[in-house]
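Student: structure here, sequence nowhere to be found:
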């Protein structure tokens, strides 16, 4: 399993065998543990390739993603000129798929970033102050836990009419909970430590102690929360777009393309196959990468 | 224990109340109403009369109070898209395909996942261990509609063995059941494996081995029982996964179930049906959480005797 803690600490004996070497930081050991996890490294490499494709998309595609340049060849099967064929509206399908990676990755990373931005202060407040603050934040999280995120997201998507940034907002709305819980747990564990006590005794206020001492010590859970939020947001976007309440056409979205492909699959298989595989590979690679980072940064944490 | 249960019930009721208010407000913040026309424009006078008939001209808090009073008596109103019946009747009809397919999917997925997880834990780093982690990762990360699409492409489009959609003859059920089964299978494979590994590494297992107990008895009498507790709590996330996945499974396979109605109710701004669906699902989750928390406390003697679970 990619989340096997036993394959992790391979770096430990090396440290013992070379006592004269300079001290290695925890991030160096995390990096070693990550490299030892083949599935995670493969996921990371695939994700990097997809990201690269997305960045250079306009250079490697024959037309713009929404240009109906090939109307006379509409629904053509894959060929040398059109690697993934042409879609029903005369657009080069390879172009659409590659630009779909842009949409998917941007939404994934943006939503994860917003999740972290919302989750850190709330998690820090809940963990540091405890008591009533903690109680209120935990009750809010409890509400999120009984409402299935996909159904609620669909409802929100339908209410707001979807749209690129709306999807990011919806994904962040459901993504911050995980980050908040991770940060809260870490800060609760650290706030009784001597160095925090010392900072408080020297007159450090809550915001100073949290900013200077507790957040830097929560960097691992924050990274974990961030990378795990990315595939969630990508799945959410694809699911909403599939149901027609996500990113509106003509913006190329894999979820939308799969929905269209469903209507054509008996006769024009390429319209169904390519977006399905693109989405599956991207989400899978991102999750493997995220799981690997989590195991590397926090070997004691179990797969949930 | 009783105090703990009461406290949980109270907190679940509050959560449900808050969720119902939020959803009610959200539903009514949609611009436009159900009788605004579109395909069939309605004269102003008729629209006002319809709005009055369904109570849509009242202030929001009145509408909410009236609605919740009805919910308590299981009266969810009349669905706008099918005014000849009540929401409860429509849901009663729509439950059947969802329940049959979802239930069969769980029935297939849970035991398979448990077996896979057990085999993986007992034969670590063998091919079956890698198979189990592949299944778990794929099932938990790839959206259900992608799995469904691949199933349809392979088994109906290319091989032509099974019909791709519909509801009726049992052979139409096979593909949706497989699609449904992926989530419970993946969840249970992952949790069963980690729970068993956890237990197998406990000192008491070493003691049992030292005592000379056969591996079989250790496994069936001690390890399995001690691995069961986490599986009880895992049932919930899995249930949520199956329930939300059902929307996509039903959309892909064109099954006339709950998920299908959920989608159509969002498209047609069918407030009564949509409210009823979301409230029902929320209630189901609240109850499921409650039961699992209580079961967990009851199964785990450390919690049963030592106050509440944090």
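Tutor: On my side now, so go ahead. Fair warning: this is a prediction, and the values are worked out from it, not measured in the lab.
Student: my guess is residue A:188 meets residue A:124, correct?
Tutor: No. Between residue A:188 and residue A:124 there is no contact under Cβ atoms under 8 Å: 10.3 Å. For glycine as for every other residue, the C-beta is placed from the backbone atoms N, C-alpha and C.
Student: give me the more crowded residue out of the two.
Tutor: residue A:124 (24 against 16; other Cβ atoms under 10 Å in any protein chain shown).
Student: any idea which helix or strand comes after the helix or strand containing the more buried one?
Tutor: Residue A:124 is part of helix A:93-129, with elements assigned from DSSP states H and E. Heading C-terminal from helix A:93-129, the first helix or strand you meet, by DSSP H and E, is helix A:131-146.
Student: does any bit of that following helix sit next to chain B?
Tutor: Yes. Judged by Cβ under 8 Å from any Cβ of the partner chain, helix A:131-146 comes into contact with chain B at A:139, A:142, A:143, A:145, A:146.
Student: contacts only, for the first one.
Tutor: It refers to residue A:139. By Cβ atoms under 8 Å, 6 or more residues apart in numbering or on different chains, the contact set of residue A:139 is B:11, B:14, B:15.
Student: by neighbours, which of those residues wins?
Tutor: residue B:15 (21 neighbours).
Student: chain A versus that residue, what's the distance?
Tutor: 6 Å (Cβ to the nearest Cβ, to the nearest Å).
Student: likewise for residue B:189?
Tutor: Distance from residue B:189 to chain A, by Cβ to the nearest Cβ: 9 Å.
Student: pLDDT at that residue, what is it?
Tutor: Residue B:189 carries a pLDDT value of 86.
Student: cool, and residue A:302?
Tutor: pLDDT for residue A:302: 42.
Student: ok, residue A:47 next?
Tutor: Residue A:47 is given a pLDDT of 91.
Student: distance of the nearest residue to it once chain neighbours are set aside from residue B:137?
Tutor: Take residue A:47 and drop its neighbours on the chain: the residue closest to it by Cβ to Cβ, 6 or more residues apart in numbering or on different chains is residue A:285, 4.6 Å away. Using Cβ to Cβ, to the nearest Å, we find residue A:285 at a distance of 11 Å from residue B:137.
Student: now residue A:188
Tutor: With Cβ to Cβ as the criterion, residue A:188 and residue B:137 are 30 Å apart.
Student: with residue B:231 instead?
Tutor: In this view, residue B:231 and residue B:137 are 19 Å apart by Cβ to Cβ.
Student: again with residue B:156
Tutor: Distance from residue B:156 to residue B:137, by Cβ to Cβ: 26 Å.
Student: one more: residue A:197?
Tutor: 42 Å.
Student: ok, now which ones touch residue B:266?
Tutor: A:154, A:155, A:158, A:245, B:274.
Student: same deal with residue A:153?
Tutor: By Cβ under 8 Å, 6+ apart, residue A:153 lies in contact with A:170, A:171, A:174, A:236, A:239, A:240.
Student: any figure for the gap between the fifth one and residue A:97?
Tutor: Spelled out, that is residue A:239. 18 Å.
Student: repeat that for residue A:273.
Tutor: Taking Cβ to Cβ, one finds residue A:273 at 11 Å from residue A:97.
Student: just want to know which of those two has more residues nearby.
Tutor: Of the pair residue A:273 and residue A:97, residue A:97 is the one with more neighbours under other Cβ under 10 Å, namely 24 against 20.
Student: quick check: pLDDT value at the more buried one.
Tutor: 87.
Student: pretty sure it contacts residue A:85?
Tutor: No. The criterion here is Cβ under 8 Å, and residue A:97 misses it with residue A:85 at 10.3 Å.
Student: count of residues packed around the nearest residue to residue A:286 once chain neighbours are set aside?
Tutor: Nearest non-adjacent residue to residue A:286, counting by Cβ to Cβ, 6+ apart: residue A:231, 4.3 Å away. For residue A:231, the neighbour count with other Cβ under 10 Å is 26.
Student: can you tell me the helix or strand for residue A:231?
Tutor: Assigned by DSSP H and E, residue A:231 falls within helix A:219-242.
Student: what packs against the helix or strand harbouring residue B:230?
Tutor: Following DSSP H and E, one finds residue B:230 within helix B:224-253. Counting by 3 or more Cβ pairs under 8 Å, 6 or more residues apart in numbering or on different chains; DSSP states H and E, the packing neighbours recorded for helix B:224-253 are helix A:149-160, helix A:219-242, helix B:87-122, helix B:144-151, helix B:174-200, helix B:258-267, helix B:271-299.
Student: right, and the helix or strand after the fifth one?
Tutor: Going back to what we said before, that points to helix B:174-200. Using DSSP H and E, the helix or strand that follows helix B:174-200 in sequence is helix B:203-211.
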